[in-house]
Each structure stands twice: as C-alpha cells, then as structure tokens.
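Engineer: 3D, please:
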Amino acid sequence: MATVRIGGQLRAMVGAADHQVPGDTVVGALAALEAGHPQIAGWILDERGVIRRHLNVFVDGQPASGETAVQASSRIHVLPSITGG
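Structural biologist: Numbering: from 1, shown residues only. This next block holds a predicted model:
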C-alpha cells in the first residue's frame, strides 16, 4: 500500500499525517483515503473524482496527476497551493 501524507486542516480533521492506502493510481489512492475517512470526503477529490484545483500532489517528490501510477512503496504528498498577489 502507498503512503499518503496530508497536512494542515486535513490532518487536523483526521488526526494523523500519514495514511496507508491501496490504489494503482494517485486518484485511486486518494479515493481510498477519502473512503476511509468520511470527514474529508470531497476535500481532496471533487464530485467527478478529480483532484481539486487548489491542491498539488507529488509522488516520490515529483509533481503528479490523478493518472500517475503508484507502487506499494510510493509516498504521495497532498499540499495546498499557495496564492497571493
């Protein structure tokens, strides 16, 4: 199982930063995370199952999309975008 690391408000909602989840792709792993923690359902993936625009996702330190393949040893990081102006 891959490890998903979340921070900030999402971590506060589920009480931990790291989560072991099944999944062959980033979206599959994030859907499993949301299914296991209903209190964050809809905060990472939208109603179409797409990663929300305000989030950046990295797999093993590299930018990733929802279709990016993940392995059991993969580390997925979910980070909010920083904007300003």
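
Engineer: regarding this structure, what is its longest helix?
Structural biologist: Scanning the chain for the longest helix, with DSSP state H as the assignment, gives helix 26-36.

Engineer: only C-alpha atoms, please: export that helix in CSV.
Structural biologist: Taking C-alpha atoms only, helix 26-36 is exported to CSV below (Å, rounded to 0.1, in the frame of the first residue of the first chain):
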residue,chain,number,x,y,z
VAL,A,26,-3.0,8.7,-7.4
VAL,A,27,-6.8,9.2,-7.8
GLY,A,28,-7.3,5.6,-6.6
ALA,A,29,-5.2,6.1,-3.5
LEU,A,30,-6.8,9.4,-2.7
ALA,A,31,-10.3,7.9,-3.2
ALA,A,32,-9.4,5.2,-0.8
LEU,A,33,-8.2,7.8,1.7
GLU,A,34,-11.4,9.7,1.5
ALA,A,35,-13.4,6.4,1.8
GLY,A,36,-11.6,5.5,4.9
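
Engineer: packing partners for it?
Structural biologist: With contacts taken as 3 or more Cβ pairs under 8 Å, 6 or more residues apart in numbering; DSSP states H and E, helix 26-36 sits against strand 2-6, strand 18-21, strand 55-59, strand 75-80. Every residue, glycine included, has its C-beta placed from N, CA and C.

Engineer: rerun at 7 Å
Structural biologist: Where contact means 3 or more Cβ pairs under 7 Å, 6 or more residues apart in numbering; DSSP states H and E, helix 26-36 is packed against strand 2-6, strand 18-21.

Engineer: for the first one, which residues meet the burial criterion?
Structural biologist: For strand 2-6, burial by neighbour count (16 or more other Cβ atoms under 10 Å) applies to Ala2, Thr3, Val4, Ile6.

Engineer: who's in contact with the nearest residue to the last one once chain neighbours are set aside?
Structural biologist: Looking back up the chat, that one is Ile6. Nearest residue to Ile6, sequence neighbours excluded (Cβ to Cβ, 6 or more residues apart in numbering): Val78, at 4.9 Å. By Cβ atoms under 7 Å, 6 or more residues apart in numbering, Val78 lies in contact with Val4, Ile6, Ile44, Leu55, Val57.

Engineer: show me which of those is closest to Thr83.
Structural biologist: Nearest to Thr83 out of these is Leu55 (Cβ to Cβ; 12.2 Å).
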